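Engineer: model the structure of this input:
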Amino acid sequence: ATEVKTTEAVTTAATEVKTTEAVTTAATDVKVTEAVTTPAVTDAPTAAPTGEPAEPAVGDVDDNGVVNTRDLIALKRYLLLADKEAPVNGDINGDKAINSVDLIRLVKILLK
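Structural biologist: Purely as a prediction, here's the structure:
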């Protein structure tokens, strides 16, 4: 009786392996067919540049497209004379001067 159970277990295992191999082969065939017949996917088209530069965001002192604490650091460094070159967008309040008023406005922007 013990031998019969062992034989049944071996037969069942062999059947499962054959079934798994058949499924794997079929799936592999499908993948190869799809790869050959499906065209390559490309990125969605983007709008053509207009030639006009985008307006910088208010508070984007370092002109990297993001208003964050790096802008605050850049403005502080300029005001403390650590940086000689004026920040690109340092005049936040638009009064044609870069000073502590701009620094306060930037802090308010960052706290929003």
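
Engineer: which secondary element of this structure has the worst mean pLDDT?
Structural biologist: helix 2-37 (a mean of 44; mean pLDDT, DSSP states H and E).

Engineer: in the next helix or strand after it, what counts as buried?
Structural biologist: Counting by DSSP states H and E, the next helix or strand C-terminal to helix 2-37 is helix 69-79. Neighbour counts over helix 69-79 (16 or more other Cβ atoms under 10 Å) mark 71, 72, 74, 75, 78, 79 as buried. All C-beta atoms are positioned from the backbone trio N, CA, C, and that covers glycine.

Engineer: likewise stretch 100-108?
Structural biologist: For stretch 100-108, burial by neighbour count (16+ other Cβ under 10 Å) applies to 102, 103, 105, 106.

Engineer: can you count the residues close to residue 55?
Structural biologist: 8 (other Cβ atoms under 10 Å).

Engineer: let me fix that: residue 87
Structural biologist: If we define neighbours as other Cβ under 10 Å, then residue 87 has 20 of them.

Engineer: residue contacts, it?
Structural biologist: Applying Cβ atoms under 8 Å, 6 or more residues apart in numbering to residue 87 gives the contacts 61, 62, 71, 74, 75, 78, 98.

Engineer: let's see that with 7 Å instead.
Structural biologist: Applying Cβ atoms under 7 Å, 6 or more residues apart in numbering to residue 87 gives the contacts 61, 62, 74, 75, 78, 98.

Engineer: still on that earlier bit, just the buried residues of stretch 100-108 now: which is nearest residue 66?
Structural biologist: The shortest approach to residue 66 among the buried residues of stretch 100-108 belongs to residue 106, at 13.1 Å (Cβ to Cβ).

Engineer: how about the nearest residue to the closest one, chain neighbours excluded?
Structural biologist: residue 59 (5.1 Å; Cβ to Cβ, 6 or more residues apart in numbering).

Engineer: what's the answer for residue 91, then?
Structural biologist: The spatially closest residue to residue 91, leaving aside those adjacent along the chain, is residue 98, at 5.3 Å (Cβ to Cβ, 6+ apart).

Engineer: do the same with residue 62
Structural biologist: Excluding the flanking residues, the one nearest residue 62 by Cβ to Cβ, 6+ apart is residue 74, at 4.8 Å.
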